[in-house]
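S.K.: coordinates only, no sequence provided:
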């Protein structure tokens, strides 16, 4: 009955079967929706998220703290607003994350001598150690997940994912 309704809308031929039929021989047991690129991306994303969540929980960090630490490790000291912009956090939401990170001894916040209204953040020694550990654990997760791919496939995957994300970014 659904096929007939969709056929009237011009979405399928009346003799098509939606989601019926055996999976192709190269994917034993997989249902049609399980072979779609979006489903596979979601499954890969779930694997990555599980690994990252476990890593961050083990270090008692949030994903926002992860981004702050690695950004400051790469850039050096930054103003609060610029840091929030680089990691994609609303500046108002960044304040409690920064406060927590300062209280945990991960970040040092200082008044900018050139502009006393501005606050500059940098990694504390503990934050540097965490950043180094995060880079190592991140590399381990990437190797674990991408280990089955040869180097050329890894480069292609990264390039393809970057193109997909860039195309979906409303503010390039």
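M.R.: On my side now, so go ahead. None of these values were measured; they are calculated from a predicted model. Numbers count the residues shown, from 1 in each chain.
S.K.: which is the succeeding secondary structure element to the helix or strand bottoming out on mean pLDDT in the chain?
M.R.: Of all helical and strand segments in the chain, the minimum by mean pLDDT, DSSP states H and E falls on helix 2-8, at a mean of 44. Next helix or strand after helix 2-8 toward the C-terminus (DSSP states H and E): helix 37-59.
S.K.: ok, residue 146 touching residue 156?
M.R.: No. Using Cβ atoms under 8 Å as the test, residue 146 is too far from residue 156 to be in contact (11.4 Å). C-beta here means a position set from N, CA and C on the backbone, and glycine is covered the same way.
S.K.: so where's the protein shaky on pLDDT?
M.R.: 1-27, 171-172 (pLDDT under 70).
S.K.: give the contact list for residue 71.
M.R.: Shown in contact with residue 71 (Cβ atoms under 8 Å, 6 or more residues apart in numbering): 78, 83, 86-87.
S.K.: let's see which of those residues end up in strands.
M.R.: Under the assignment DSSP state E, these contribute residue 78 to strands.
S.K.: among the contacts of residue 71, which one sits closest to residue 30?
M.R.: Checking the contacts of residue 71 against residue 30 with Cβ to Cβ, the nearest one is residue 87 at 37.4 Å.
S.K.: and the gap between that closest one and residue 147?
M.R.: Distance check for residue 87 against residue 147: by Cβ to Cβ, to the nearest Å, it reads 28 Å.
S.K.: how close does residue 123 get to residue 52?
M.R.: 20 Å.
S.K.: out of the two, which sits in the busier spot?
M.R.: residue 123 (22 against 15; other Cβ atoms under 10 Å).
S.K.: ok, longest strand in the protein?
M.R.: Taking DSSP E as the criterion, the chain has its longest strand at strand 115-123.
S.K.: I'd like the next helix or strand past it.
M.R.: Going down the chain from strand 115-123, the next helix or strand is helix 125-146, by DSSP H and E.
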